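S.K.: Okay, sequence plus prediction incoming.
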Amino acid sequence: MELERLARVLGQANEDYHASDAPTISDAEYDRLKQRNAEIEAAFPALKRPDSPSHQIGAPVSEKFAKVKHRVRMLSLGNAFSDEDVLDFDKGVRRYLGLSDTDVLQFTAEPKIDGLSLSLRYEAGALVSATTRGDGETGENVTQNARMIADIPKSLNGASEVLEVRGEVYMSHADFADLNTRQEKRDEKPFANPRNAAAGSLRQLDARITKSRPLHFFAYAWGEMSEPLGKTQTAAIVRLNNLGFSTNDLTKTCRTPAEMLQHYQSIEEQRATLGYDIDGVVYKVDDLALQARLGFRSTTPRWAIAHKFPAEIAHTTLEAIEIQVGRTGALSPVARLKPVTVGGVVVSNATLHNEDYIAGRDSKGAAIREGRDIRVGDWVEVYRAGDVIPKVRDVDLSKRKAEAQPYVFPTVCPECGSPAIREEGDSVARCSGGLICPAQAVEKLKHFVSRAAFDIEGLGAKQVEFFYGDTDLAIREPADIFTLARRDETNLGKLKNRDGWGETSASNLFAAIEEKREIPLNRLIFALGIRHVGESTGSLLANHYGSWTKFGLAMDAAQAHEGVEWDELLSIDGVGSVMATALVDSFHTPDNRAAIDRLTAELDVQDVEVADTSGSPVAGKTVVFTGTLEQMTRAEAKARAEAMGAKVSGSVSKKTDYVVAGPGAGSKAKKAAELGVSILSEEEWLAMIAQ
Ligand code: IVH
């Protein structure tokens, strides 16, 4: 019968295409057969075969993209939202480098493309791999698909032995409109915007689909290289262009911040007619030697910034205010809006921040929006900047109905009924129910499995909700995730028999969970969802303590908020007393502590891989800088010391190995002398690290 024949022919074609890279039928013929199969199935659903080719759109799970670790991390950019932010960026770079206001400092300015970034690796001139950004450390191998993009050269003439070129994959407005027309004709869901369409097209398991969707690529950066591309950003971009890459024509070298802002304005004026989406302008320090000196913060370079275009706005009616309870118990008001299009995306929810914001005042009680409060039924102004969640900005009082009532913020948690308490100095009210509040527990779990935390494939927000409500296979706390497979084995109501699950999806989930039993320390710390402890704090703490055991012991020993371990925690640059209190207290809360212990009993927490600083004379040493440094700024001194494996602390103690004292050093140098800690001049320090 025909369906059987189609399954056989298409299956074979797939295998030929993927396995041997030697297609046996043309793309057009493949599409035609697939279409025919879909039509028959639509007319006779009962005849659909278990091995139907229509199931294979997403292809078998085993064929998912392989994970690739980036040799040089793929970072994101810090943001500037105003001219003032840009001037501050220029000042900050000068300060870091110790340049005066009059020293020449050139920047490049270029459009920020709204697509997805991709890293292309060339060896001996041949394209060997293409990897998506992923979480910046590890991406997905999409080489086959990248080969379908005309802008991406498959080979380079005269390139160095190793060259990783980075840039943005995007879809033009015209191609996006065409694609959505085709999607609708095929009764498939249209894409919300060109970026989603580009991402969906690049991450296709079937490279033929990628091929049928025209994608473009602009090169603007690089990763590993066996030889530099030039001395300046400008020269490097010209070189990439000469090698055959598309680079953006609107890239300009600017000599002053005024020129940068002027170019920003000019790009903004051209935005509507470019034919592709951009969401701002990126400025980069032009001199690559200076870029190297500036280096990186935890996730962003110091030498570049994205100047975002202003948010898009729209007006609509506020239909209701609902309260969501977050993982730290915060009660967040959400506006339910009459759907409205803001910058090409339909928006029906927006944040209202907190109680004060609705009432028309800031956290200190000063008026915002000239004191106008926001009420259900009001005509409101909504805005959206890039990826950011839409926000309600203002209200039109002339359209307010006479019967509109001021909004009364709840005093109990709408999810568990516990009192909602707003502590002094906190801008939000929080549910006091802790782990008994289902909303908090679910949100904590969602955070735990999120991308920067455990990132468990197949266990996202939706699945967390599914398992939270389950009886036999309940996941109520993180440890339950790792006992799921064991419980499934002894359970009668097996996961594979549940609605929406099957043999493959269940075993894939168990495998994905198993894979994450081994977890880097920084991810675990972040995943715990402790207030004030974000991704970069997770890394700071992990780098400082090195292992879960040491970290746990230190948190226990710091419980009294005093003593050596408490001081040590506070001495970490980036850890303040609010954060330290939240951390230590969360380990001290008995229920919470027990849940953490149950979790870590299931895990194999990886110690921090210490960067290879063997041979560095200061590896593992604790250094304090004090007084004025003359050869470099404090920030640069710190960054260099850390890169060589030293710990930089703000205060002198018995644990300090060296105090580097410049002119004007005061109490710290004195304390060092009292404690018998070695005191070095800046020259002595530089001589020591130069060894
Ligand atoms: S430079 C070290 N230049 O913006 C950072 N990024 O928000 C190198 N992007 O992940 C990035 N246009 O995907 C750079 N002209 C441009 C860009 C650009 C778009 C993206 C990129 C990055 C994101 C950061």
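M.R.: In hand now; what should we look at? Residues are numbered from 1 along each chain as shown.

S.K.: so Ala420, which of the three states?
M.R.: Assigned state for Ala420: strand (three-state reduction, DSSP: H, G, I helix; E, B strand; the rest coil).

S.K.: In terms of pLDDT, where does it sit?
M.R.: Per-residue confidence (pLDDT) for Ala420: 96.

S.K.: Hmm, it is touching Val428, no?
M.R.: No. At 9.2 Å, Ala420 does not count as touching Val428 under the criterion of Cβ atoms under 8 Å. Bear in mind the C-beta positions are built from the backbone N, C-alpha and C, glycine included.

S.K.: list the residues that contact both of the two?
M.R.: Leu331 (Cβ atoms under 8 Å, 6 or more residues apart in numbering).

S.K.: In terms of helices and strands, where is whichever residue of the chain sits closest to the ligand?
M.R.: Going by Cβ to the nearest ligand atom, the ligand is nearest to Ser117 of the chain, at 3.2 Å. Using DSSP states H and E, Ser117 sits within strand 116-123.

S.K.: List the contacts of that strand.
M.R.: Residues contacting strand 116-123 (Cβ under 8 Å, 6+ apart): 70, 74, 127-133, 139, 142, 146, 152, 155-156, 159, 161-170, 195, 198-199, 202, 217, 223-224.

S.K.: Can you select the buried ones among those for me in PyMOL?
M.R.: Per 16 or more other Cβ atoms under 10 Å, the buried members of those correspond to this PyMOL selection:
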select buried, resi 70+74+127+129+130+131+132+133+139+142+146+152+156+159+162+163+164+165+166+167+168+169+170+195+198+199+202+217+223
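
S.K.: pretty sure Glu184 is touching Asp178, no?
M.R.: No. Contact between Glu184 and Asp178 fails when scored by Cβ under 8 Å: they sit 11.0 Å apart.

S.K.: the more surrounded of the two?
M.R.: Each of Glu184 and Asp178 has its neighbours counted (other Cβ atoms under 10 Å); Asp178 has more, 14 against 11.

S.K.: now the helix or strand where the more buried one lies: how far from the chain's centre is it?
M.R.: Assessed by DSSP H and E, Asp178 sits inside helix 173-185. The gap between where helix 173-185 is centred and where its chain is centred comes out at 29 Å by Cα atoms, centre = their mean, to the nearest Å.

S.K.: Just the buried residues of it, please?
M.R.: Asp175, Phe176, Leu179, Asn180.

S.K.: Check whether the helix or strand following it comes near the ligand.
M.R.: Next in sequence after helix 173-185, counting helices and strands by DSSP H and E, comes helix 194-202. No. Using Cβ under 6 Å from any ligand atom, helix 194-202 never reaches the ligand; the gap is at least 10.2 Å.

S.K.: tell me which residues in the strand holding Ser117 are buried?
M.R.: Applying a neighbour-count criterion of 16+ other Cβ under 10 Å, one finds Leu116, Ser117, Leu118, Ser119, Leu120, Arg121, Tyr122 buried in strand 116-123.

S.K.: Which pair of those residues spans the longest distance?
M.R.: Farthest-apart pair in the buried residues of strand 116-123 is Leu116 and Tyr122; separation 19.9 Å (Cβ to Cβ).

S.K.: Would you mind naming what in the stretch 151-300 of the chain lies close to the ligand?
M.R.: With Cβ under 6 Å from any ligand atom as the criterion, the stretch 151-300 of the chain comes near the ligand at residues Glu168, Tyr220, Ala221, Val282.

S.K.: Reformat the residues you listed as TSV; add distance to Met632.
M.R.: TSV is the format used below for these (distance: Cβ to Cβ, whole Å):
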residue	distance to Met632
Glu168	34
Tyr220	29
Ala221	26
Val282	26
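
S.K.: Considering the residues you listed, which possesses the most neighbours?
M.R.: Counting neighbours by other Cβ under 10 Å, Tyr220 comes out on top of those with 25 neighbours.

S.K.: Need the three-state assignment for the residue lying closest to that one once chain neighbours are set aside.
M.R.: Leaving aside its chain neighbours, Tyr220 sits nearest to Gly167 (5.1 Å; criterion: Cβ to Cβ, 6 or more residues apart in numbering). Secondary structure state of Gly167, per three-state DSSP, is strand.

S.K.: Would you agree Gly167 is in contact with Phe218?
M.R.: Yes. Gly167 lies in contact with Phe218 (Cβ under 8 Å); the separation is 5.0 Å.
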